[in-house]
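In: need a structure here:
(one chain, ligands or ions: 2)
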Amino acid sequence: MAGIKAFVDSCNGTLDSVPDRYMMPNEAADVSRYAVLPIVDVASESFERDLVDACSKYGMFGCISCSAQEPRHSHRGCDEVRSRFLQLAQRGQDAVLHRGDLHTRPLLHQHDAFEGREARVARPPPDVAQGRVPRSAPLARVPSQRDVGSEYARNIFKLGKRMLLVMSEGLGLRSNRLLEAFEDMVLLTRANFYPACPNPRQALGMEGHTDSGGLTFVLQDGVGGLQLKQGEDWYNVRPLEGMLVVNMGDLYQKLSNGRYKSILHRVMVNSKSSRLSVGAFLGPSLDAEISPIPELVSQESPAKYRSRTYRDYMHEVYTEHFSGKNVYVA
Ligand SMILES: O=C(O)CCC(=O)C(=O)O
Ligand SMILES: [Fe+2]
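Out: Numbers count the residues shown, from 1 in each chain. Ligands and ions are numbered 1, 2, ... in the order given. Alright, predicted model coming up:
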């Protein structure tokens, strides 16, 4: 099935209403509040403290790098990945992974997604296991030159691993505990292309959801549309040049027995311009067993989540429960 971009292109500018299958009425299309997003600077002295704070209290934060020597070090490769994905989007529908198919839902989100090749890292190398942090842990399978955004993927891997060491300590665990929790970590990049929409009140770029995996790094253009939910209200996430939006998936909420929070977010479309975002999802392999880390479970703090494989969890999310918050206290 051709995607939404191919469909919009085929209308040659005559599309003046939302087709039925994309119709997702939303009452709050014109939210004008902006979220106060915590900013974590990877080059700052307070990086560790700020990161743990953001993971425990917010579940989403802006990530920047203000190092004088190496500005935007961890964001290197962003421009490349953005333009490569845009070329893919322009070229047509053969790379389109259709959200409607993915979630086996009758209604379609108003965006197309393009997936980059998975990159993988095996168990942490011995020096990490012994508590020493290597400058850069080797990747078990480095994405090839042809892969979309390979430099970007490598940078995100490094950044993600550095964050996991800090996040472990933030839970009072050994620094390598979260990295050790899985045999394998997998990074999947996915670009989302959201065409301009004739009536933004009748469609959603992406429905409200929490990410199922570990850490998500979102690179977005200047258009905006990402929103997060705090309490009962939705807030816009302001797109800032050089800032990655990082959000916690359900995985670390479960592993941390609820101390780190995943966050509900969605994407609005607008009538003026299309939008491109690239998500890099750092998560476990499908066979990984997901359950609260035993050290964090006690009589005072019993396990809030039942154990199951990541495959089973994803199956539940995509088939039965894909609506709203998908963390179950079960
Ligand atoms: O497009 C965005 O800004 C967010 C995309 C997203 O939430 C996702 O791919 O899970
Ligand atoms: Fe998401």
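
In: Excluding residues flanking it in the chain, which one is nearest residue 17?
Out: residue 198 (5.7 Å; C-beta to C-beta, 6 or more residues apart in numbering). (C-beta placed from N, C-alpha, C; glycine too.)

In: again but with residue 215, I slipped
Out: residue 282 (4.7 Å).

In: Which is the succeeding secondary structure element to the helix or strand that contains the one you found?
Out: Assigned by DSSP states H and E, residue 282 falls within strand 275-284. Sequence-wise, the next helix or strand downstream of strand 275-284 (DSSP H and E) is strand 289-290.

In: Now do the same contact list for whichever residue of the stretch 201-330 of the chain sits closest to ligand 1.
Out: Residue nearest to ligand 1 within the stretch 201-330 of the chain: residue 277 (3.3 Å; C-beta to the nearest ligand atom). Applying C-beta atoms under 8 Å, 6 or more residues apart in numbering to residue 277 gives the contacts 191-192, 194, 218-221, 226, 267.

In: beta partners of it?
Out: For residue 277, the beta-bridge partners are residue 192, residue 220 (DSSP bridges).

In: ok, it to residue 19 distance?
Out: To residue 19, residue 277 is 22 Å away according to C-beta to C-beta, to the nearest Å.

In: Might you list the low-confidence residue ranges for this protein?
Out: Within the chain, the segments meeting pLDDT under 70 span 1-7, 21-30, 67-79, 81-82, 85-86, 88-150, 318-330.

In: Can you show me the helices along it?
Out: 4-10, 47-57, 78-91, 99-102, 126-129, 150-170, 177-180, 250-255, 310-319 (DSSP state H).

In: so residue 252 makes contact with residue 171?
Out: No: at 9.4 Å, residue 252 does not count as touching residue 171 under the criterion of C-beta atoms under 8 Å.

In: shared neighbours of the two, which are they?
Out: What both residue 252 and residue 171 touch, as defined by C-beta under 8 Å, 6+ apart, is the set 178, 260.

In: OK, contacts around residue 217?
Out: Per C-beta under 8 Å, 6+ apart, neighbours of residue 217: 63, 156, 159-160, 244-246, 279-280, 282.

In: one more time with 10 Å, if that's ok
Out: 63, 74-75, 78, 152, 155-156, 159-160, 163, 187, 189, 244-247, 278-282 (C-beta atoms under 10 Å, 6 or more residues apart in numbering).

In: My read is that residue 219 contacts residue 240, right?
Out: No: counting by C-beta atoms under 10 Å, residue 240 is not a contact partner of residue 219; they are 11.5 Å apart.

In: So for the two, which sits in the more crowded spot?
Out: residue 219 (25 against 14; other C-beta atoms under 10 Å).

In: distance of the residue nearest to residue 32 when sequence neighbours are not counted from residue 63?
Out: Leaving aside its chain neighbours, residue 32 sits nearest to residue 236 (7.5 Å; criterion: C-beta to C-beta, 6+ apart). According to C-beta to C-beta, residue 236 and residue 63 sit 18 Å apart.
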